[in-house]
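K.L.:
fold the following.
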Amino acid sequence: MEVLALLLAACAAAAAAPEISTASVTAPETTITLSAVGDIRLDGPIAAVAKEGAGAPTKAVKSLLDADIVLGNLETPLTKRGAKTAKTWNFRADPKLLKIVKAAGFNLLNIANNHVWDYGQEGFLDTLKALETGGWDFIGGGRDRASAEKVRLVEFEGLTVGFLGMTSTHPEQGWAKAKKPGVFYSDFGRLNDTVKRAKKECDVLVVSFHGGTELADDPNDIQKAAAHAVIDAGADLFLGHHPHVIQGVEIYKGKAILYSLGNFLFVSPTPATRPSVIVRATLAKDGVRRLDLVPIDTNWGRPKPASAEVAATIRSALDRMGALGARPDLLHFSTPP
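P.N.:
Presented below is the predicted three-dimensional model:
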């Protein structure tokens, strides 16, 4: 009887003991967040607003920009020197005004555009020096073609995201050559190989592209050809700017093409340039997981969240190709409260 009692007690203890799992614990998946905007001009009206403090221009939207990577198109040469290029509009800013984008949280700048050469090679080289001296990461320009076309890599816990900056705009003298400084010109004869090489170095590849027709509602043929070419070559996300207004989103081979993000820190007398968008992307090993489209009003150099009325205009512009309705799993439009 005593032996039987001991056996019963042992069985009861075994039944009450917690089960120990031998299953392995899955590590959380690595993702990187990206915020991207369109055109940034640091002189003129933006510099005037910044007299109130470096963070004054972006105070109302800084929390919307917050991300691991914050990317914008810097459309101002950083120089006090150089001769004006023959064109209608010429911009330049004191390199000290980089404090404006620093205060906003930007940590990656595209310089492949039609204004970075506004004060010629001298002004362009000053721009490179200012960015390098300030420790900035930038894409789309360099002291020769190889450096202008170089992919910028961001690595985080085993996930690598690459960035290329390129432009289809003039002036031609600003295009980088084998032994000449300048910007990455989107030469269709070289585009495929350049993008393929870049993709081999990263898990996710983002292309920042400056081109199109100013103030046009729809992308032109060059924009479309460039966007499709970079996606065909392996890019995962195409972010366009230059038209100064919002253009539609296209889903091409399952990937998002945003043809124009409009302005950000850029004041224009044309009312259609005020509606804009901040794109917030979630990136993972397998590509772009989510795109949040946040409507804003550029508000004469003080961007702010868009009103319900302005947001409706922005949503309509973004959905001109029907992408928002076709891919609600990927594209999320953030309606203001």
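K.L.:
center of this structure, which residue is that?
P.N.:
Ranked by distance to the mean C-alpha position of the chain (C-alpha atoms, centre = their mean), the top residue is Ala36 at 3.4 Å.
K.L.:
run through the stretch 101-250 of the chain and note the low-pLDDT ranges.
P.N.:
The model of the stretch 101-250 of the chain has no residue with pLDDT under 70.
K.L.:
show the contacting residues for the closest residue to Ala281 other than its chain neighbours.
P.N.:
Leaving aside its chain neighbours, Ala281 sits nearest to Leu34 (4.3 Å; criterion: C-beta to C-beta, 6 or more residues apart in numbering). In short, each C-beta sits where N, CA and C put it, glycine included. Contact analysis of Leu34 by C-beta atoms under 8 Å, 6 or more residues apart in numbering lists 67-71, 161, 206, 279-283.
K.L.:
what about those residues, which are in strands?
P.N.:
Here DSSP state E is the test, and the contacts of Leu34 give 69-71, 161, 206, 279-283 as lying in strands.
K.L.:
all helices of the stretch 201-337 of the chain, in order?
P.N.:
Using DSSP state H, counting those that start in this stretch, the helices of the stretch 201-337 of the chain run over 221-232, 308-318, 323-326.
K.L.:
just send those back as CSV, with distance to Pro243 and mean neighbour count too.
P.N.:
Below are those laid out as CSV (distance: least, C-beta to C-beta, whole Å; neighbours: other C-beta atoms under 10 Å):
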stretch, distance to Pro243, mean neighbour count
helix 221-232, 9, 19
helix 308-318, 11, 18
helix 323-326, 17, 16
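K.L.:
ok, Phe138 to Leu128 distance?
P.N.:
For Phe138, the distance to Leu128 (C-beta to C-beta, to the nearest Å) stands at 8 Å.
K.L.:
can you check Gly189 too?
P.N.:
Distance from Gly189 to Leu128, by C-beta to C-beta: 25 Å.
K.L.:
residues in contact with Asn113?
P.N.:
By C-beta under 8 Å, 6+ apart, Asn113 lies in contact with 39, 73-75, 140, 167, 169, 183, 210, 241-242.
K.L.:
quick one: which of Gly189 and Leu128 has more around it?
P.N.:
Comparing Gly189 with Leu128 by other C-beta atoms under 10 Å, the one with more neighbours is Leu128, at 19 against 6.
K.L.:
is the more buried one in contact with Gly141, as I believe?
P.N.:
Yes. Leu128 sits in contact with Gly141 when judged by C-beta atoms under 8 Å, with a separation of 6.9 Å.
K.L.:
what sits in contact with each of the two?
P.N.:
Pro181.
K.L.:
got the CA coordinates for stretch 323-331 in CSV?
P.N.:
Coordinates of each C-alpha in stretch 323-331 appear next as CSV, following Å, rounded to 0.1, in the frame of the first residue of the first chain:
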residue,chain,number,x,y,z
ALA,A,323,-3.5,52.5,-57.5
LEU,A,324,-4.9,53.3,-54.1
GLY,A,325,-8.1,51.4,-54.8
ALA,A,326,-6.2,48.5,-56.4
ARG,A,327,-3.7,48.0,-53.6
PRO,A,328,-5.2,49.0,-50.3
ASP,A,329,-2.9,46.4,-48.6
LEU,A,330,0.2,48.4,-49.7
LEU,A,331,-1.0,52.0,-50.0
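K.L.:
show me the contact partners of that stretch.
P.N.:
Against stretch 323-331 from outside (C-beta under 8 Å, 6+ apart): 248-251, 256, 288, 290-291, 293, 315, 318-319, 333.
K.L.:
in strands, which of the residues you listed appear?
P.N.:
Those of the contacts of stretch 323-331 lying in strands (DSSP E): 249-251, 256, 288, 290-291, 293, 333.
K.L.:
the residues you listed: which two are farthest apart?
P.N.:
Using C-beta to C-beta, the two most remote members of the ones in strands among the contacts of stretch 323-331 are Glu250 and Arg290, lying 17.4 Å apart.
K.L.:
neighbour count for those two, which is higher?
P.N.:
Neighbour count, other C-beta under 10 Å: between Glu250 and Arg290, Glu250 has more, with 22 against 15.
K.L.:
leaving out the residues flanking it, which one is nearest to that one?
P.N.:
The shortest distance from Glu250 to any non-neighbouring residue, by C-beta to C-beta, 6+ apart, is to Ile257 (4.4 Å).
K.L.:
before we move on, what about Thr194?
P.N.:
Glu149 (5.3 Å).
K.L.:
what is the neighbour count of that neighbour?
P.N.:
Glu149 is flanked by 27 other residues according to other C-beta under 10 Å.
K.L.:
list the buried residues for stretch 281-295?
P.N.:
Using 16 or more other C-beta atoms under 10 Å as the test for burial, stretch 281-295 gives 281, 283-284, 288, 291-295.
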